[in-house]
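Q: Pasting the sequence and the predicted model now:
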Amino acid sequence: MRNILFFVILSHFFLSSAQTDTEVYLFDISTENNELKLTNQRNISNNPGYDNQPYFYNDNIVLFSSTRNGQTDIAAYNIRDNKIDWISNTLEGSEYSPTKIPNQKAISAIRLDTTGKQLLYSYDFETGKPKVLLENLVVGYHCWYDKNIIISSVLEDQSLSLVVSDLKNKTNTTLQKKIGRSLHKIPNSKFISYISKENEQWEIKSLDPISGETKKIINTIPGAEDMCWLLNGTILMPKGNIIYKFNPKTDKNWSLFYTSIDLGLGNITRISTNSISSLLSVVSDVSPERIVQQQLDAYNARNIDAFAATYSKNVKVYYYPNKLSYEGIDNLKKGYASFFENTPDLHCEIKNRIVYGNKVIDEELVLMNGEKIKAVAIYEVENGKIAKVTFF
């Protein structure tokens, strides 16, 4: 009866939301019964804060931007050795969107200085030595067509423009206004793909950087703009907790590939694959369960600062169904600080836990002052913090 009641309660709280604390995950891509499967999931960043924009330097190294010591540097994850090395350590700025430069042991990345200056740099893969690539363009995102031609999303007039830069001839040509961030070489072709935002319905288009010719491939999933190409010509595009797939050669419409719930992840925002499509990397918001577990660990340690750090500034605490008990982080700290101080035997044990979307529902057995008390708590996580708690 106890378990039945617990699961009946869950039906009131099945919603989802996004968070900002992100991690980079890696999967193997395999084929089973002519269907693509994702296996061997691992967290390759495993780092508090911002970890994003994965790119395969080769079939053994994944580049990504990662926060450390208050700045964002370029990390290089070695798959074989399960080890992270750092390419950059720029004290006067941070790096984003690392990308391999063709025919060089070097990468390119956007550097945002503490002064606000933003330029595209190259970095020697071994030494990390930087060099400006494009002097006068505020590049937001980029990809390489060949060793001399860069395709960029450039910040102009408060939006992004599609610019083709020829390093050899030192020219920059703007081809279109209002584009997205996702730029990729299309496998087995001479084309680049980009997201056009000229119309209300965004479109994936192909570009011939030499002639400037463009052609529509398909409309994006509404509101989505990140994607990658598999070697067989399939496009993968995530939105929220779903990854969609579409192959222009065989498909008429988008179809479901995976959901983040299937993978045990949160909201998926970025996606990347290696050159032979044997590996897939995605960026996901940190799962609500991790935030709630951090809260529980701090509770059991009676550490008020660590406990409060898991809650949003305007957290609201209710008694079921909707009776507001109190609101705000200051009130939460005031109540729990004295509670922690006066309850030396305090300990919470989780008897049951369900995670769905942005909600974590815990059935708890709490020891306090020699007594054990049963409770159910529903934690709702938004932007990486607990924004609402409902107690039963």
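A: Done, it's in. Residues are numbered from 1 along each chain as shown.
Q: Check what contacts stretch 106-114 and list those residues.
A: 57, 63, 65, 74, 87-88, 90, 92-101, 118-125, 130, 133, 139-142, 144, 150 (CB atoms under 8 Å, 6 or more residues apart in numbering). From N, CA and C alone the C-beta is placed, and that goes for glycine too.
Q: I'd like to know the average pLDDT value across the helix or strand where Leu296 lies.
A: According to DSSP states H and E, Leu296 maps onto helix 288-300. For helix 288-300, mean pLDDT rounds to 90.
Q: and stretch 294-303, how far from the chain's centre?
A: Centre-to-centre, stretch 294-303 and its host chain are 26 Å apart (CA atoms, centre = their mean, to the nearest Å).
Q: re the thing from before, which secondary structure elements does the helix holding Leu296 sit against?
A: If you count contacts as 3 or more CB pairs under 8 Å, 6 or more residues apart in numbering; DSSP states H and E, helix 288-300 packs onto helix 304-308, strand 347-356, strand 359-368, strand 371-382, strand 385-391.
Q: Kindly reformat the ones you listed as CSV containing distance to Val154, mean pLDDT and mean neighbour count.
A: Below are the helices and strands packed on helix 288-300 laid out as CSV (distance: least, CB to CB, whole Å; pLDDT from 0 to 100; neighbours: other CB atoms under 10 Å):
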stretch, distance to Val154, mean pLDDT, mean neighbour count
helix 304-308, 42, 94, 16
strand 347-356, 41, 91, 15
strand 359-368, 40, 94, 19
strand 371-382, 33, 92, 17
strand 385-391, 34, 93, 19
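Q: which residues in the stretch 101-250 of the chain form strands?
A: Along the stretch 101-250 of the chain, counting by DSSP state E, counting those that start in this stretch, strands occupy 106-113, 118-124, 130-134, 139-144, 149-156, 159-166, 171-177, 184-185, 192-196, 203-207, 214-219, 228-229, 235-239, 242-246.
Q: What are the boundaries of the helices in the stretch 1-150 of the chain?
A: For the stretch 1-150 of the chain, the helices defined by DSSP state H, counting those that start in this stretch occupy 2-10.
Q: which sections of it are below the confidence cut-off?
A: Within the stretch 1-150 of the chain, the stretches with pLDDT under 70 are 1-20.
Q: now do 90
A: Scanning the stretch 1-150 of the chain for pLDDT under 90 picks out 1-22, 31-35, 46-49, 69-70, 91-92.
Q: Return the alpha-carbon coordinates of the helix holding Leu296 using CSV.
A: Extracted C-alpha coordinates of helix 288-300, given in CSV (Å, rounded to 0.1, in the frame of the first residue of the first chain):
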residue,chain,number,x,y,z
PRO,A,288,18.2,16.9,-11.7
GLU,A,289,19.1,13.7,-9.7
ARG,A,290,22.7,14.9,-9.4
ILE,A,291,21.5,18.3,-8.0
VAL,A,292,19.1,16.7,-5.5
GLN,A,293,21.8,14.2,-4.4
GLN,A,294,24.2,17.1,-3.8
GLN,A,295,21.5,18.6,-1.6
LEU,A,296,21.0,15.4,0.3
ASP,A,297,24.7,14.9,0.9
ALA,A,298,24.9,18.4,2.3
TYR,A,299,21.8,17.8,4.4
ASN,A,300,23.3,14.7,6.0
